[in-house]
Structures are given as C-alpha cells and as structure tokens.
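Asks: Provided below for reference: sequence and predicted model.
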Amino acid sequence: MTPASAHTTLVSSSPANGSLISVWPSEIVLTFAEPLATISGSSVNQVTVTNAEANDVGGKVTVNGEQITVATTENALPGPVLVNYRVAASDGHVVEGEFTFSYQPTGTANPTPSPTASPAPAHGHNSPNGAIIKASTGLVVLALIIGIFSYRRKL
C-alpha cells in the first residue's frame, strides 16, 4: 500500500505574512513545500495582490520550482495589502489561500488609530443614525402591541 501524498503548503513569503514594510517591493515571492505545476511551460497558478483600496497592484506571475513570484506595480497607498493565491502542486492538487502584510512608507502617518483617539459612538447613541434606529424600534414595538390587542379581541 502506498502512503497518501500530502498537499503542498505555503512555507514562506516575502514580504512575510503579518509584516510591516516601509519600502514597496518590486515583487512578492511565495515559497511552497513542493514544486508547482506548469503545463507546456505555462503557469496554471494564480496570485493576486490588492492594496488598501482593493486596487490590483500585482503583475506578471512566474513559477520556478516551488517558488512563485509576482511582479508588483507602483503603490503609494499605505495600509493593508492582501495576497490571494491558487496554486497547483506538481502532483495536481490545488491549494488556495491568502495572507496580508502592511505597507507604511517612511514619513507617513500611522494608519492605526492612536490610543488617545476618541472612541466612535456606540451603535445608536449620538450617531446620525441614532434617531432613525430609535424611531424604527418604536414603530416595531407599537406594531407588536397593536397586533397583540387585535389578536386578543378576535378570541
């Protein structure tokens, strides 16, 4: 009996998952546990890279053994970057996944709120939609009360 082969996994990436970078990379490299598939020299693997506004900042994808490299286009927007991948190992098994890193160019403000920032108002309290929420809740309660009294009169 032959043992079942395991599906490939993402071993590492550059930039690394969860990292904070200050210089935008010219490429993103993903390294898998086993070589990736190609068909007649063409890649059957996909990698997309999107910036904080969900704009595509990825380019040409190349495969070399267990590494897949995606060129990147210029990105001046600080914030989180999402890398999605769908790759086929040389044994034919397809693996999908994603990871993120953050881009914060030197000299730009930190995109995360500071601890001294005032908290956002609680849902429905002193918010512009608070009056709408309160009025809607009141109408629902009133409709329920009228419905109960109408139902009781029919009994």
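Replies: Here it is on my side, so go on.

Asks: and I146, what element?
Replies: Following DSSP states H and E, one finds I146 within helix 130-154.

Asks: Measure how buried the nearest residue to D56 once chain neighbours are set aside is and give me the count.
Replies: The shortest distance from D56 to any non-neighbouring residue, by Cβ to Cβ, 6 or more residues apart in numbering, is to T50 (5.9 Å). Where C-beta positions appear, they are placed from N, C-alpha and C, glycine not excepted. Neighbourhood size, T50 [other Cβ atoms under 10 Å]: 17.

Asks: Next, work out how far apart T50 and P15 are.
Replies: Going from T50 to P15 by Cβ to Cβ, to the nearest Å gives 14 Å.

Asks: What of V29?
Replies: 9 Å.

Asks: and N55, what does it touch?
Replies: Counting by Cβ atoms under 8 Å, 6 or more residues apart in numbering, N55 makes contact with N75, L77.

Asks: ok, now how distant is it from V49?
Replies: To V49, N55 is 10 Å away according to Cβ to Cβ.

Asks: what's the answer for F32, then?
Replies: F32 is 17 Å from V49, where distance means Cβ to Cβ.

Asks: tell me the domain ranges of this protein?
Replies: The chain breaks down into these domains under automatic domain parsing: 10-103, 124-155.

Asks: Could you pull out the buried residues of stretch 80-97?
Replies: V81, V83, Y85, V87, A88, A89, V95 (16 or more other Cβ atoms under 10 Å).

Asks: And for stretch 44-54?
Replies: N45, V47, V49, T50, N51.

Asks: So which of these belong to helices?
Replies: Judged by DSSP state H, the subset of the buried residues of stretch 44-54 located in helices is empty.

Asks: So among those, where is pLDDT lowest?
Replies: Least confident of those in the model: N45, at 90.

Asks: Quick one: residues contacting it.
Replies: Contacts of N45 (Cβ under 8 Å, 6+ apart): L36, A37, V61, V63, I68, Y85, R86, V87, A88.
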